[in-house]
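> show me how the following folds:
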Amino acid sequence: MLTQTTTKVLEAGDPGVLAAALEILEREPVNNAFVAARVHVAGLDPWRLGGEMWGWYADGRLRSLCYAGANLVPICATPDAVRAFADRARRAGRRCSSVVGPAEPTALLWKLLEPSWGPAREVRSHQPLMVTDRMPHDIEPDPGVRRIRKDEMDVIMPACIAMFTEEVGVSPMAGDGGLLYQARVAELVGSGRSFARIENGRVVFKAEIGAATAGACQIQGVWVAPEYRGQGLSVPGMAAVLRYALADVAPVVSLYVNDFNTPARASYRRVGFREVGAFMSVLF
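Numbers count the residues shown, from 1 in each chain. All right, here's what the predicted structure looks like:
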């Protein structure tokens with residue numbers, strides 16, 4: 001018996017569709033934290049969500065998702081769903097700045113898209129996904145790491161720009177002059193999810209809790225000022241952010257890191273994070 005499949009943009013006004021999408025997102029709360037956090041706030045409305053949510057249906061049931069915004073993100077996507085999403089993405093043309101998600105479906109998605117979308121500026125094929133649900137018993141959190149206040153945007157912003165440029169390879173101030181990036185930083189500061197250690201008016205360590213749902217949250221933007229690297233700031237700093245995350249945000253904390261960043265991976269393991277999978281990022 002043949003399976004009937006279809007792919008379409010999920011409609012914002014149907015509560016049954018939203019419930020089905022959330023059920024899929026909640027299957028893998030760590031992998032899907034980024035998109036799930038957006039959907040919990042914005043629903044499926046493309047304007048509020050910052051992109052479309054594509055659904056892949058088999059025999060009338062929603063089985064897989066793909067978020068198509070500034071990032072193209074396959075979600076609980078089977079190989080057949082990935083092929084369908086790739087077909088739709090090819091027809092629409094590239095509008096995203098990256099393809100990112102769990103390594104296996106993302107690798108297949110990029111394999112199918114590369115002939116028409118390539119070449120990419122950079123492909124990071126293996127980014128370990130790390131999680132923890134408890135504080136380390138032998139690490140004292142840095143008491144100097146605290147929440148950034150709304151009146152400290154001018155203090156945190158240079159560090160955020162430096163981190164982004166170093167990590168991604170392009171400045172977030174390009175294109176729109178940094179308006180979207182500054183708005184995102186302001187959102188994190190305003191929600192109490194931006195943390196830093198500040199010495200003499202300058203950030204020496206920072207990190208944010210980016211995506212956050214009731215089940216899991218994701219630490220991002222970890223950065224130590226270059227002249228302070230190697231001085232042991234990252235481990236107690238991460239422990240401090242982890243303490244905030246577990247106490248105030250979610251019972252499971254995750255992050256993903258470039259496989260070539262050996263010092264960062266060692267620091268995260270020291271704080272108690274363990275590798276449970278891998279992400280992949282394709283940057284344009």
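> residues in contact with G60?
For G60, the contact set (Cβ atoms under 8 Å, 6 or more residues apart in numbering) comprises Q4. From N, CA and C alone the C-beta is placed, and that goes for glycine too.
> mind redoing it with 10 Å?
Applying Cβ atoms under 10 Å, 6 or more residues apart in numbering to G60 gives the contacts 4-6.
> ok, N71 next?
Contacts for N71 were tallied using Cβ under 10 Å, 6+ apart; they are 34-35, 50-51, 96-101, 281-282.
> now, which of the contacts of G60 lie within helices?
Of the contacts of G60, none are assigned to helices by DSSP state H.
> name the member of these with the most neighbours.
Neighbour tally across these (other Cβ atoms under 10 Å): the maximum, 15 neighbours, falls on T5.
> state the distance from that residue to C66.
T5 sits 14 Å away from C66, going by Cβ to Cβ, to the nearest Å.
> tell me the residues that contact both of those two, please.
Both T5 and C66 are contacted by 56, 81, 84, under the criterion Cβ under 10 Å, 6+ apart.
> so which of those residues sit within strands?
Among those, the residues falling in strands (DSSP state E) are W56.
> which of the shared contacts of T5 and C66 lies closest to E199?
Distance to E199 across the shared contacts of T5 and C66 (Cβ to Cβ) is lowest for A81, with 48.9 Å.
> quick one: the helices in the chain, in order.
Ranges of helices within the chain are 15-25, 33-42, 46-49, 79-92, 103-117, 153-168, 174-177, 179-190, 234-248, 262-271, based on DSSP H.
> which of the residues in the first one are buried?
The neighbour-count criterion (16 or more other Cβ atoms under 10 Å) identifies 17-18, 20-22, 24-25 as the buried residues of helix 15-25.
> in CSV, list these along with pLDDT and distance to A211.
Formatted as CSV, these follow (pLDDT from 0 to 100; distance: Cβ to Cβ, whole Å):
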residue, pLDDT, distance to A211
V17, 96, 22
L18, 97, 18
A20, 97, 21
A21, 98, 16
L22, 97, 15
I24, 98, 16
L25, 97, 11
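> and the furthest pair within these?
Counting by Cβ to Cβ, the most remote pair of the buried residues of helix 15-25 is V17 and L25, 12.6 Å apart.
> list residues touching both of these two?
Contacts common to V17 and L25, judged by Cβ under 10 Å, 6+ apart, are M53.
> buried ones among the shared contacts of T5 and C66?
Neighbour-count burial (16+ other Cβ under 10 Å) is assigned, among the shared contacts of T5 and C66, to 56, 81, 84.
> columns pLDDT and distance to C217 on top of those residues, output as a markdown table?
A markdown table is the format used below for the buried ones among the shared contacts of T5 and C66 (pLDDT from 0 to 100; distance: Cβ to Cβ, whole Å):
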| residue | pLDDT | distance to C217 |
| --- | --- | --- |
| W56 | 98 | 27 |
| A81 | 98 | 26 |
| A84 | 98 | 30 |
